[in-house]
Structure formats: structure tokens, C-alpha cells
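**Student:** Build the 3D model from these lines:
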Amino acid sequence: MRIDAYGSIGKIYNIGSPKKVSSAKKTEGAKDSYVISDEAKTFSAVRAAVAAAPDIREGRVSELKSAYENGTYNVSASDIADKLLEDD
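**Tutor:** As a prediction, the model looks like this:
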């Protein structure tokens, strides 16, 4: 492999000194516009609903906590094994 051909490669890909960019033309009275699709609106609403939902279900947590503290919280080994083997 030749490593001394950098000059040739630069000519092939037009790599060299930077070129000047002309300034963009200004348009008078032109305004940008956009349209939001129905799918995007639905996605935005769902995203807001998920963000508003609590991360922790306080009612369920307090129920399990009290069952654990009372010594009445029991989970069968069969249920644990089923959850471990479940395909999600």
C-alpha cells in the first residue's frame, strides 16, 4: 500500500483550500410554514400522557408494604418460575 499518494487523492476528491461561500439572497415577504401530521399530534398527546403518569403506583406499593410487614405476603415458587420463563 502506498502512503505517499495523498496529493493525488486530494485532487480526486477536490480536497484543498476552502472555497468562498456566497451570502444567501434575502427574500422579501416570504414566510416559512409547517404542517403537523395527525400521527405526530397523536404521538405528542401519548407522550404527554406517559410523562404525566406516575413512575410508582403508590397504592400498590403501600398494599405490598403492609402485607410484607404483616407477614402475609407470599409468592409461590411456581409463579416465580413462570415469570422467569415467560417470553416477553
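**Student:** pLDDT of the longest helix seen in the chain, averaged?
**Tutor:** Longest helix of the chain, by residue count under DSSP state H: helix 38-52. Averaging pLDDT along helix 38-52 yields 94.
**Student:** Give me the residues contacting the next helix or strand after that helix.
**Tutor:** Using DSSP states H and E, the helix or strand that follows helix 38-52 in sequence is helix 58-70. With contacts defined as C-beta atoms under 8 Å, 6 or more residues apart in numbering, helix 58-70 is touched by Tyr73. Backbone N, C-alpha and C define where each C-beta goes, glycine included.
**Student:** Try it again at 10 Å.
**Tutor:** Outside of helix 58-70, the residues within contact range by C-beta atoms under 10 Å, 6 or more residues apart in numbering are Arg57, Thr72, Tyr73, Asn74.
**Student:** Let's see stretch 57-69 as PDB, backbone CA atoms only.
**Tutor:** The C-alpha trace of stretch 57-69 is given here as PDB (Å, rounded to 0.1, in the frame of the first residue of the first chain):
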ATOM      1  CA  ARG A  57     -48.000   3.100  41.800                       C
ATOM      2  CA  GLU A  58     -48.200   4.400  45.400                       C
ATOM      3  CA  GLY A  59     -51.400   2.400  46.200                       C
ATOM      4  CA  ARG A  60     -49.900  -0.900  45.100                       C
ATOM      5  CA  VAL A  61     -46.600  -0.200  46.900                       C
ATOM      6  CA  SER A  62     -48.400   0.600  50.200                       C
ATOM      7  CA  GLU A  63     -50.500  -2.600  49.800                       C
ATOM      8  CA  LEU A  64     -47.400  -4.800  49.300                       C
ATOM      9  CA  LYS A  65     -45.500  -3.000  52.000                       C
ATOM     10  CA  SER A  66     -48.300  -3.600  54.600                       C
ATOM     11  CA  ALA A  67     -48.600  -7.200  53.500                       C
ATOM     12  CA  TYR A  68     -44.900  -7.700  53.900                       C
ATOM     13  CA  GLU A  69     -44.800  -6.000  57.300                       C
END
